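Novice: let's see this in three dimensions:
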Amino acid sequence: MYHLSDYGRMFADRGRTDAYLAALRAAITPGAVVLDLGAGSGFFSLAACAFGASKVYALDVSEAIDVLPALAAANGFGDRIVVHRGDAFAYEIPEKVDVIVSDLRGNLPFCVRSIELIAHARDRYLKPGGALLPFRDRLFVAPIEAPVAWGARVGPYAAPPLGFDMRAAREGAASEYHNDRGHPFQASQLLAPAVEFGSVDYANVRPAPIRGDARFSFERDGLAHGFALWFDAEIAQGIGYSNAPGEDHVYGRVFFAWPEPVAVRAGEEVAVALFAQPVQDDYIWGWTTTFADKVRFRQMNSVPLPRL
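Specialist: The predicted structure is shown next:
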């Protein structure tokens, strides 16, 4: 659950916010009706009114939205913003809308029931020809040298006190869903150019398994620790931003760590097969890493502990 300070960090991210504002300004015509999905403290709702919307429906399950009526009144939009805190699936909007705006991503676009919620709102409330923001997210993966992130998340099991055999715990820790918060990835850590392994087209997306494959040729010698994953956002056609390593945005990148680092040489190849399966309110991710056409690591971030 996000709090007011979290939403403040989001709109303080100027690269993200400026792209959304440019897309909103282009999409809203005078008198437009807007749905702000996952509105948080309501910054996009206020912006939509400033750009000419006659009505904004602001929905969020977080208590942060409770501040929005006061913000709407303080900015002269109290009669134009309808606020609802609760389950957006259960709330009925009394009319179709011209624009739906949301940012329900985590490190990747697949965060809790975000895809399901966007598809539900789009199919139920968006007028034909209406604007859906964001428009598209492109998904990227690359092998990475990340000794600090790996050491913090997996390393304690590599050399434990008293010399215990902790391999099972190390493999489990490596297969958890990690991100780079606290140790933000930089472009210089990538060992090969990124490969686009998929995309999310919000005009058509529905909850479904995700699959992608990528093959890389290492550009330099190094010690590889796993894969970095991220998205590039296209809020509207021609308006967006990248969340690649080295870009300073609020989301962070995903880190799919290996159970052990691998020394690699320039020109050698590695391949990864990625999949994600919607399960209840989230996604289970798996990744299989192949060196020289031989499987080296087969991992999934929700697996039973090994039987003794």
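
Novice: ends of stretch 81-89, how far apart?
Specialist: 19 Å (Cα to Cα, to the nearest Å).

Novice: pull out the buried positions in it.
Specialist: Buried residues in stretch 81-89, counting neighbours by 16 or more other Cβ atoms under 10 Å, are found at I81, V82, V83, H84, R85, A88. To be clear about C-beta, it is placed using only N, CA and C from the backbone, and glycine gets the same treatment.

Novice: go on, stretch 198-205?
Specialist: Residues G198, S199, V200, Y202, V205 are the ones in stretch 198-205 that count as buried (16+ other Cβ under 10 Å).

Novice: look up which residues are beta-bridged to the third one.
Specialist: For V200, the residues forming beta bridges with it (DSSP bridges) are D137.

Novice: can you pull the pLDDT of it?
Specialist: pLDDT, V200: 97.

Novice: tell me which residues touch it, please.
Specialist: P109, I115, R136, D137, L139, F231 (Cβ atoms under 8 Å, 6 or more residues apart in numbering).

Novice: 7 Å instead, please
Specialist: Counting by Cβ atoms under 7 Å, 6 or more residues apart in numbering, V200 touches P109, R136, D137.

Novice: gap between the nearest residue to the second one once chain neighbours are set aside and F77?
Specialist: Same thing as R136. Leaving aside its sequence neighbours, R136 sits nearest to E234 (Cβ to Cβ, 6 or more residues apart in numbering; 4.5 Å). Going from E234 to F77 by Cβ to Cβ, to the nearest Å gives 28 Å.

Novice: how about F44?
Specialist: From F44 to F77 the distance is 12 Å (Cβ to Cβ).

Novice: which one of these two is surrounded by more residues?
Specialist: More crowded of F44 and F77, by other Cβ atoms under 10 Å: F44, with 27 against 19.

Novice: restricting to C-alpha, output the longest helix seen in the chain in PDB.
Specialist: What stands out as the longest helix in the chain, according to DSSP state H, is helix 14-27. These are the backbone C-alpha positions of helix 14-27, laid out as PDB (Å, rounded to 0.1, in the frame of the first residue of the first chain):
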ATOM      1  CA  ARG A  14      10.100  15.000 -13.400                       C
ATOM      2  CA  GLY A  15      10.900  12.800 -16.300                       C
ATOM      3  CA  ARG A  16       7.900  10.600 -15.600                       C
ATOM      4  CA  THR A  17       5.600  13.400 -14.600                       C
ATOM      5  CA  ASP A  18       6.500  15.700 -17.500                       C
ATOM      6  CA  ALA A  19       5.800  12.900 -19.900                       C
ATOM      7  CA  TYR A  20       2.400  12.200 -18.300                       C
ATOM      8  CA  LEU A  21       1.500  15.900 -18.300                       C
ATOM      9  CA  ALA A  22       2.400  16.300 -22.000                       C
ATOM     10  CA  ALA A  23       0.300  13.300 -22.900                       C
ATOM     11  CA  LEU A  24      -2.700  14.400 -20.700                       C
ATOM     12  CA  ARG A  25      -2.600  17.900 -22.200                       C
ATOM     13  CA  ALA A  26      -2.700  16.500 -25.700                       C
ATOM     14  CA  ALA A  27      -5.500  14.100 -24.900                       C
END
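
Novice: still on that earlier bit, now for the buried residues of stretch 198-205, which pair is the farthest apart?
Specialist: Largest separation among the buried residues of stretch 198-205 by Cβ to Cβ: G198 and Y202, giving 13.5 Å.

Novice: anything in contact with each of those two?
Specialist: Counting by Cβ under 7 Å, 6+ apart, nothing touches both G198 and Y202.

Novice: helix or strand next in line after the helix or strand V141 falls within, which one?
Specialist: Using DSSP states H and E, V141 falls within strand 136-144. Next helix or strand after strand 136-144 toward the C-terminus (DSSP H and E): helix 147-153.
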